[in-house]
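Peer 1: Give me a model of this one.
(one chain, ligands or ions: 1)
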Amino acid sequence: MNNKEAEKEIKKLREDINYYNHMYYVENNPVISDYEFDFLLKKLEKLESEFPELIVPESPTQRVGGKPIDSFTAVEHKTPMLSLDNTYDSDDLKEFDKKVKKNVGEVEYVVEPKIDGIGVALIYENGIFIRGITRGDGMNGDDITSNLKTIHSIPLILRGDLLKNAEFRGEVYMSLKGFKKLNKMREKKDETVFANPRNAAAGSVRQLDPRVVESRPLDIFVYFVSNSDKDIHTHEKSIEVIKKVGFRVNPFIKKLENIEQVIKYCNKLEKIRNSIDYEIDGAVIKVNSIKKQKQFGETSKHPRWAISYKFAAKQSTTSLKNIDIQVGRMGTLTPVAILEPVEIGGVTVSRATLHNFDELRRKDIRIGDNVLIERSGDVIPQVVKSIIEKRTGKEKRKNIPKKCPVCGSEVVRKEKEVAVRCPNNYCSARLKWRIKYYASRDAMDIDHLGESTIDKLLEKDLINNVADLYFLSKDDILTLDGFKDKSAQNLIESIENSKKQDLSRLIYGLGILHVGKYAAQILANQYQSIDELAKAPVEQLKEIDGLGDKTAEAICTFFATEENVNLIKRLKDIGVETKEGKKKKMLLQDKKFIFTGGLSNISRPDATDLVKKMGGIVSSSIGKSIDYVVVGHKPGSKFKKAEKLGLRIINEKEFIKLLSTKQ
Ligand code: IVH
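Peer 2: The predicted structure follows:
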């Protein structure tokens, strides 16, 4: 291919990729599969590597192009980024309306949700995204272009010919789903969690390494365009234009005729607040006519033509009566704030998480403090900070306990680990979690055995480990509050039925450190019974694909513990199935695979081995009976044939995902 041909091909690829990207990230309406998308992107990457002179910063291959930097560069805003005047009261909105009318006459309004994220400015020249800036102090912000480029709903090139030179403003935010997922991951890695989605979004766009930003689930709603080369007469029209050139605009933006309708709609937005997947902290009311906006003007701080109507805060202050310690399934000690009950956004809060002792010390939170509590979305309430000004001197620090508050064992804290743990496997706090885990849906799936029933069983000393469940009689259950003949019978039957669960579920349910669903499945395939697994030497376990060294060691430790040996003996004696059934069904049982092209994260022999271990078959010739065609880079002729035959084509990522899917 010569340079001219490459240029043409690259142009076409970029246009296609931009279109598919837009459909996926902005319209939420994907028109091709992830695989096909990756395929096009790879093709473009390859061509660009052959013709590097054709690479431009706005190419879709350059979304995560930037290198880590030492610090951000400050840039001046062309026009200051003002903030909004606030009100919490609908009467103030009527006042606002009066003032507007007095100054500019009758108006229409546009009402939109106030997104709780961080404001940014996006500058486009000749249709190309050239700079993204934080709000900063309103006059100067930080250049965060590389970070913003990683957000796929920000077009690198504006769509169509409507506008070429303009500054857009919008709010970068993190969805609640993304926020929870991110925090869960951070918790697993013993990293401090973000207190709310706004902090998570703010912390993310201020990362110095764009690759980290790319891994954060950020998105943006754009609500403002200025300095544009097109005359736009109303805010409503601006929103239309913003959408047309390729941005996401909030779906709840609405034009209204008068202040009564505005107030009604603000109340409606407050109601939908709890049903959407991102945080809004109010509504913004804007005069629709841009001519009238200009006529009414602005103060040095905020425009006169707009106001924000803030919803009831999801924050409140109260006093911290005590700090309790909770002991988790793996023995992790978590400090929990016991609060003077306080209402936040319609919910009474009396407990809030303090995450871990490092955080407690970092925030210097003391018993007796007045504390600021925040509830974001349906996330567990958090203690944001202590109100230090209100201290009397009587407040007390909570030190890391030396002993487990439940069983009295001496706690341990491994070097470099945030977690403080109770090492006692028999600690009753841990026992409760273990039973809950054993009965959970992904493990032995025991219906009717919820947390409160487990609590009652433990209280009455009817169980001391999971094996005891199988020794419970209907009469035992009937002694528990709330149980009648039928419900007791149901529980007994559920427990009895669980004896026949697959070996993989039993292995998972035992709660061995690091053994999740996937590892349990591999182990059940490798070893046909619990006894075989218990005898497996650590070296052998380490050899198994898909298990790490840590997992192998944890398995050996588990089976070397006398308590666990006894437990398994009792489970066997009472008739719990501890062998893999005859008609064992593995994850990929009898599924036929064929590979074409190179894989990047796993070698071909390893991939073949894994498929076989999970019951699948790897074929070398293509035909209709193939269930999955795994396509890597530079695929061979099998790929074309597979397409012709209409076979199921998956890429490497999807293949790896398939291996870890639950049946
Ligand atoms: S309009 C001059 N609209 O709230 C116009 N702002 O306290 C000013 N915000 O700095 C912005 N959602 O970061 C506008 N729909 C919305 C908004 C919004 C969130 C943020 C924005 C602004 C802050 C003002």
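Peer 1: could you measure the closest residue to L480 other than its chain neighbours against K486, distance?
Peer 2: Leaving aside its sequence neighbours, L480 sits nearest to K456 (Cβ to Cβ, 6 or more residues apart in numbering; 4.5 Å). Yep, even glycine has a C-beta here, placed from its N, CA and C like the rest. From K456 across to K486, the span is 17 Å (Cβ to Cβ, to the nearest Å).
Peer 1: where's the one residue in the stretch 1-150 of the chain that gets nearest to the ligand, which helix or strand?
Peer 2: The minimum distance from the stretch 1-150 of the chain to the ligand, using Cβ to the nearest ligand atom, falls at G119 (2.6 Å). Using DSSP states H and E, G119 falls within strand 118-125.
Peer 1: Name every strand pairing with that strand and say which way it goes.
Peer 2: Strand 118-125 sits in its sheet next to strand 128-134 (antiparallel), strand 166-174 (antiparallel), going by DSSP bridges.
Peer 1: just those: most buried one?
Peer 2: Highest mean neighbour count among those (mean count of other Cβ atoms under 10 Å): strand 166-174, with a mean of 24.
Peer 1: just to revisit the earlier point, please give me every residue in contact with the nearest residue to the residue of the stretch 1-150 of the chain closest to the ligand once chain neighbours are set aside.
Peer 2: Using Cβ to Cβ, 6+ apart and skipping the chain neighbours, the partner closest in space to G119 is R135 (4.2 Å). Residues near R135 by Cβ atoms under 8 Å, 6 or more residues apart in numbering: M81, I118, G119, V120, A121, G141.
Peer 1: what would those look like in TSV with pLDDT and distance to D468?
Peer 2: Output for the contacts of R135, formatted as TSV (pLDDT from 0 to 100; distance: Cβ to Cβ, whole Å):
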residue	pLDDT	distance to D468
M81	95	63
I118	96	53
G119	97	58
V120	98	58
A121	98	63
G141	94	62
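Peer 1: Tell me the most packed of the residues you listed, by neighbour count.
Peer 2: V120 (25 neighbours; other Cβ atoms under 10 Å).
Peer 1: in terms of contact, does it touch T134 like I think?
Peer 2: Yes: look at V120 against T134 with Cβ atoms under 8 Å: they come within range, at 6.0 Å.
Peer 1: if I look at those two, which residues touch both of them?
Peer 2: With Cβ under 8 Å, 6+ apart, V120 and T134 have common neighbours G141, I144, V205.
Peer 1: if we can go back for a sec, what separation do you get for the residue nearest to G119 and V120?
Peer 2: When distance is defined by Cβ to Cβ, R135 is 7 Å away from V120.
Peer 1: Now do the shared contacts for these two.
Peer 2: G141.
Peer 1: Shouldn't E9 be within a helix?
Peer 2: Yes: E9: assigned to a helix according to DSSP: H, G, I helix; E, B strand; the rest coil.
Peer 1: Not counting residues beside it along the chain, what's closest to it?
Peer 2: Nearest to E9 is L47, by Cβ to Cβ, 6+ apart, at 6.2 Å.
Peer 1: Report the buried residues of the host helix or strand of that neighbour.
Peer 2: Secondary structure assignment for L47, by DSSP H and E: helix 34-50. Neighbour-count burial for helix 34-50 flags F37, D38, F39, L40, L41, K43, L44, E45, L47, E48 (criterion: 16 or more other Cβ atoms under 10 Å).
Peer 1: Let me have those residues in CSV, adding distance to P303 and pLDDT as columns.
Peer 2: Shown next, in CSV, are these (distance: Cβ to Cβ, whole Å; pLDDT from 0 to 100):
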residue, distance to P303, pLDDT
F37, 41, 91
D38, 44, 88
F39, 47, 90
L40, 43, 93
L41, 41, 94
K43, 47, 94
L44, 42, 95
E45, 44, 94
L47, 47, 94
E48, 44, 95
